[in-house]
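In: What follows is a predicted structure for the sequence shown.
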Amino acid sequence: MQRAKLLEGRVVAAGLHQRTKARVAELRRRGVEPAVTFFRVGEDPASELYVRMKEKRAKDLGILSEVIAMPSSTTERELLTRLEEKNRDSRIHGILVQMPLPRQIRTEAVCQTIDPSKDIDGFHPINAGKLLLGDPSGFPPCTPAGICEIFRHYGLVTAGAEVVILGRSNIVGKPLAALLLAKGPQGDASVTVLHSQSRHIPEHCRRADFLIAALGKAEFVRGDMIKAGAVVVDVGVTRLLDSSLPGESRIVGDVHFSEACQVAGWLTPNPGGVGPMTIAMLLANTVKAAERSAGCGAD
Ligand code: GUN
């Protein structure tokens with residue numbers, strides 16, 4: 001029996017894209033052409049796919065986009081030099097470096113080099129600090145902001161709720177905890193962040209009103225770890241070889257979908273849940289950066 005209602009990120013993202021498109025049109029009327037640069041280093045097939053999807057969506061919305069693809073042998077200095085060029089280029093409003101990076105390039109050095117006003121990922125220490133302080137003049141990181149937007153769309157209120165986040169990454173777990181902890185209608189939650197050293201993980205999960213799985217372990221969250229009626233968000237994407245179909249693979253999340261369906265009240269599908277929201281927020285941040293540089297827009 002399927003019990004959970006689906007949190008259709010794809011649908012929420014489509015609505016957000018419409019609003020972003022209208023803002024792009026307004027910028028163009030004022031003579032501003034929103035533009036974004038995506039950097040990809042190395043040949044990771046998943047990263048290639050993600051960057052291609054981001055580029056395509058940007059084009060659909062009328063945002064100029066370019067991809068700078070660099071080989072896996074790229075040195076940190078070479079990448080930082082290219083980033084500095086784009087920082088200086090006033091025609092470019094947003095810069096993104098697709099993660100993960102090859103081992104010889106320090107993620108922190110990259111995040112610190114991107115101009116904070118072009119940092120549409122929200123990874124620069126200044127933007128991370130603003131997020132923690134509740135200062136809206138930064139850029140919210142895209143996956144956490146996308147998850148909050150899904151909750152807002154479906155009228156799911158986190159105020160006073162027990163939220164359990166599995167995973168403490170700088171991209172999802174930590175910034176999501178900051179957003180949900182913040183004062184205000186989109187936050188006000190009691191947040192627990194679990195990680196590889198946490199004890200009693202199933203017990204923590206079972207008391208969650210909102211359970212967010214972002215730890216990168218295929219089907220880690222089983223049905224018996226979910227409270228009846230809980231909101232469950234699956235951020236994970238793992239490609240598994242399918243033993244029933246030799247040579248074939250399938251994508252699974254961090255949540256065992258068919259088990260979770262029977263217990264949760266709300267559940268993100270995978271694909272079609274969080275992924276489309278990350279891209280939608282990224283392009284909304286690009287337009288925000290362009291509006292700010294042109295001295296127009298809501299903030
Ligand atoms: N890799 C996985 N998620 C992300 C993201 O949100 N931004 C970037 N730049 N890389 C990622």
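Out: Yep, it's here.
In: Spatially central, which residue of the protein would that be?
Out: Centroid-nearest residue in the chain, with C-alpha atoms, centre = their mean: Thr143, separated by 1.7 Å.
In: Could you check the helix or strand hosting that one against the ligand for contacts?
Out: If you go by DSSP states H and E, Thr143 is part of helix 142-153. Yes. For helix 142-153 and the ligand, the contact criterion (C-beta under 6 Å from any ligand atom) is met by Cys142, Thr143. All C-beta atoms are positioned from the backbone trio N, CA, C, and that covers glycine.
In: what packs against that helix?
Out: helix 9-29, helix 173-181, strand 231-234, helix 274-294 (3 or more C-beta pairs under 8 Å, 6 or more residues apart in numbering; DSSP states H and E).
In: Would the second one count as contacting the ligand?
Out: No. Helix 173-181 does not reach the ligand (C-beta under 6 Å from any ligand atom); its nearest approach is 10.0 Å.
In: Now the helix holding Thr143: average pLDDT?
Out: Here helix 142-153 scores 98 as its mean pLDDT.
In: so that helix versus helix 274-294, what angle?
Out: 100 degrees (axes from the mean of the first three to the mean of the last three C-alpha atoms, to 10 degrees).
In: what angle do helix 142-153 and helix 9-29 make?
Out: 110 degrees.
In: In helix 142-153, which residues are buried?
Out: Cys142, Thr143, Pro144, Ala145, Gly146, Ile147, Cys148, Glu149, Ile150, Phe151, His153 (16 or more other C-beta atoms under 10 Å).
In: got a list of what the residue nearest to the centre of the chain touches?
Out: Residues in contact with Thr143, defined by C-beta atoms under 8 Å, 6 or more residues apart in numbering, are Ile171, Val172, Leu176, Ala214, Val235, Val274, Met277, Thr278, Met281.
In: Same check on Glu219?
Out: Glu219 touches Val252, Gly253, Asp254, Val255, His256, Phe257, counting by C-beta under 8 Å, 6+ apart.
In: ditto for Gly265
Out: Arg3, Ala4, Lys5, Ala228, Gly229, Ala230, Val231.
In: Same check on Met99?
Out: Counted by C-beta under 8 Å, 6+ apart, Met99 has contacts Ser47, Thr107, Ile171.
In: In helices, which of these fall?
Out: Cross-referencing the contacts of Met99 against helices under DSSP state H gives Ser47, Thr107.
In: Top of the contacts of Met99 by number of neighbours, please.
Out: In terms of neighbour count, Ile171 stands highest of those at 21 neighbours, by other C-beta atoms under 10 Å.
In: I'd say that one and Ala145 touch.
Out: No. Between Ile171 and Ala145 there is no contact under C-beta atoms under 8 Å: 11.7 Å.
In: related to what we said a few turns ago, please produce JSON lines containing the helices and strands packed on helix 142-153, extended by distance to Ile114.
Out: Formatted as JSON lines, those follow (distance: least, C-beta to C-beta, whole Å):
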{"stretch": "helix 9-29", "distance to Ile114": "21"}
{"stretch": "helix 173-181", "distance to Ile114": "16"}
{"stretch": "strand 231-234", "distance to Ile114": "27"}
{"stretch": "helix 274-294", "distance to Ile114": "11"}
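In: and these, which is most packed in?
Out: The highest mean neighbour count among the helices and strands packed on helix 142-153, using mean count of other C-beta atoms under 10 Å, belongs to strand 231-234: a mean of 27.
In: what residues does the stretch 1-150 of the chain put near the ligand?
Out: Leu96, Val97, Gln98, Met99, Asp121, Cys142, Thr143.
In: Farthest pair within the residues you listed?
Out: With distances taken as C-beta to C-beta, the most widely separated pair in those is Val97 and Thr143, at 15.4 Å.
In: For this protein, just list every one of the strands.
Out: 5-6, 35-41, 64-70, 94-97, 162-166, 190-194, 210-213, 231-234, 238-241, 249-252, 266-267 (DSSP state E).
In: looking at the chain, which helix or strand does the model trust least?
Out: Here the helix or strand of the chain ranked lowest by mean pLDDT, DSSP states H and E is strand 238-241, holding a mean of 87.
In: any low-confidence regions in the stretch 151-299 of the chain?
Out: Scanning the stretch 151-299 of the chain for pLDDT under 70 picks out 298-299.
In: So which bits of it are right by the ligand?
Out: Counting by C-beta under 6 Å from any ligand atom, the stretch 151-299 of the chain sits next to the ligand at Ile171, Thr278.
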